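The following block contains a protein sequence and its predicted model.
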Amino acid sequence: MKTTLLIKNANQVVTSRGASGKPLIGEDLKDLSVIEDGAVAVQGDKIKVVGPTAAVLNLVETDESTRMIDASGKVVLPGLVDPHTHVVFGGSREHELALKLQGVPYLEILARGGGILNSVEATRAASEEELIKSGIKYCRQMLAQGTTTAEAKSGYGLTTEAEIKTLRAIRRVDREQPVDLVPTFLGAHAVPKEYKDDPDLYLDLVIEEMLPRVAEEKLARYCDVFCEEGIFSVEQSRRVLEAARERGFDLKMHADEIVPLGGAELAAELGAISADHLLVISDRGIEKMAEAGVIAVILPGTTFYLREDHYAPARKMIEAGVPVALATDFNPGSSPNNNLQLIINIACLYLRMTPSEVINAITINAAHAVGCPADIGSLEEGKKADLVLFDAPNYEYLAYRYGTNLISSVIKNGEIVVEV
Ligand code: IZC
Ligand code: ZN
């Protein structure tokens, strides 16, 4: 087969090629395997050759039908992977900004029936078509900013019908625009107001009615729980996650974000693929996650937007050998940002991660966090041809500039889907 697309003369091709097949940890997290004056040859929807331009030109066959991209002055990266989003929801919560600025804490807004519950009301009121339409819009925004795969959670329905409606909408959004979505069932995102006085009864519904329906319709790969003070305890989270594991779901957790309850320890005990947030993770939690190989998905955009004064201890986790990935946490309340480029800046400045660590955390390690490391997350022969070109002389430049979309092209499954 001929080369269908050839990207050549790139200042740098960042491959994020992890040799081990496992998430990158410790010092290896800095290893980007950068090729100077690089090229990538694509055949159909797959990467065929990656290497220095001169070598690639010698190796591949091209003809007049081959699309050529001259990437002089540009950096090529694997398509970015956003491993934690709540991209399908009804409504928006801009009116809560004023409360937040008056100093009302996130959990207090929720306790007053706002926050997540506000989005639950809007999501229940929305039709599946409306959810699909807004989900497509948000995914197209992500694509334009370099994201080619994202995890997507339910969790604003909180009735069986509204959760199924959300997950079906996620499936349709996945099919109807280029960003690939990996679906997660988050029925245990909050206690809906009908069950305010009996959260355990709500969890019975999640376990006995929702999980079987979601499994039967194959609507989600992962099951997640918001383990937090005033939401679900460690014991309640364990109940849901064990039931989900029995039904064949892989596990994720919102853990140790605001109050240190021990969510990280539970994620390690249950062999979850990831534990996310982790601002207040304990030393023991760090140790257990490193031992069990649970990926820490850190969400520094949320910390920034909630105006917290402490970020997740990323350096400590990296030094302890915990695999680290980064995500936007795109959601209508605590993180209305779906741009991973901004996460690059915040992670460097406030998590004190290096640009190289951050790039691996939003490519290969993020691919592991969504269970697709064989297909995406690095530029290697045989992987999906998902690539992004940035108008940047080198990869450090991505951490240096902020607030401007530096994308010059996005390639999804070998097709140019964004060109600036
Ligand atoms: O809508 O506030 N943390 N879930 C857990 C969220 C934030 C989303 C929201
Ligand atoms: Zn979240």
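Happy to help now that I have it. Numbers count the residues shown, from 1 in each chain. Ligands and ions are numbered 1, 2, ... in the order given.

Next up, the contacts around the residue of the chain found nearest ligand 1.
Of all residues in the chain, G333 sits closest to ligand 1, with a separation of 2.8 Å (CB to the nearest ligand atom). For every residue, glycine as well, the C-beta is placed using N, CA and C. Neighbouring residues of G333 by CB atoms under 8 Å, 6 or more residues apart in numbering: 93, 96, 106, 115-116, 118-119.

part of a helix, is it?
No - counting by DSSP: H, G, I helix; E, B strand; the rest coil, G333 is not part of a helix but coil.

So it versus A122, what's the distance?
G333 sits at a distance of 11 Å from A122 (criterion: CB to CB, to the nearest Å).

ok, now I35?
Taken as CB to CB, the spacing of I35 relative to A122 amounts to 47 Å.

swap in M253?
Applying CB to CB, the value for M253 to A122 is 25 Å.

Then A267?
Using CB to CB, one obtains 30 Å as the distance from A267 to A122.

can you check A325 too?
Relative to A122, A325 is positioned 29 Å away (criterion: CB to CB).

what about the two, which has more around it?
For A325 versus A122, neighbours defined as other CB atoms under 10 Å are more numerous around A325 (29 against 16).

returning to that earlier point: most surrounded residue in the contacts of G333?
Neighbour counts for the contacts of G333 were taken using other CB under 10 Å; the highest belongs to I116, with 26 neighbours.

Could I get the pLDDT score of that residue?
What the model reports for I116 is a pLDDT of 96.

What distance do you get for it to R93?
Separation of I116 from R93 (CB to CB) stands at 9 Å.

Over to M1?
M1 is 49 Å from R93, by CB to CB.

Ok, L32 next?
As defined by CB to CB, L32 lies at a distance of 37 Å from R93.

give me the number of residues near M353?
Each residue near M353 was counted by other CB under 10 Å, and the total is 26.

what sits against R221?
Contact partners of R221, counting by CB under 8 Å, 6+ apart, are 182-184, 249-250, 371.

what about the stretch 201-350 of the chain, any weak spots by pLDDT?
Counting by pLDDT under 70, the stretch 201-350 of the chain contains no low-confidence segment.

re the thing from before, neighbour-wise, which of the contacts of R221 leads?
For the contacts of R221, the largest number of neighbours (other CB under 10 Å) sits with T184, at 27 neighbours.

Mind exporting the C-alpha coordinates of the host helix or strand of it to CSV?
Counting by DSSP states H and E, the element that carries T184 is strand 180-188. In CSV, the C-alpha atoms belonging to strand 180-188 read as follows (Å, rounded to 0.1, in the frame of the first residue of the first chain):
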residue,chain,number,x,y,z
ASP,A,180,-13.1,8.8,20.1
LEU,A,181,-14.9,8.5,23.4
VAL,A,182,-14.3,5.8,26.1
PRO,A,183,-17.5,5.5,28.2
THR,A,184,-17.6,5.4,32.0
PHE,A,185,-20.7,4.8,34.1
LEU,A,186,-20.8,7.2,37.1
GLY,A,187,-24.2,6.5,38.6
ALA,A,188,-22.6,7.1,42.0
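
Run the chain-centre distance for that strand.
What separates the centre of strand 180-188 from the centre of its chain is 11 Å, taken as CA atoms, centre = their mean, to the nearest Å.

shift numbering so it begins at 12
Happy to do that; since the first residue is 12 now, the last one works out to strand 191-199.

Pull out the buried residues from the following helix or strand past that strand.
Tracing the chain past strand 191-199, the next element assigned as helix or strand by DSSP H and E is helix 210-216. Buried residues in helix 210-216, counting neighbours by 16 or more other CB atoms under 10 Å, are found at 210, 213-214, 216.

Kindly reformat those residues as JSON lines containing distance to T171.
Converted to JSON lines, the buried residues of helix 210-216 look like this (distance: CB to CB, whole Å):
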{"residue": "P210", "distance to T171": "17"}
{"residue": "Y213", "distance to T171": "11"}
{"residue": "L214", "distance to T171": "13"}
{"residue": "L216", "distance to T171": "7"}
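
With that, I have no additional questions.
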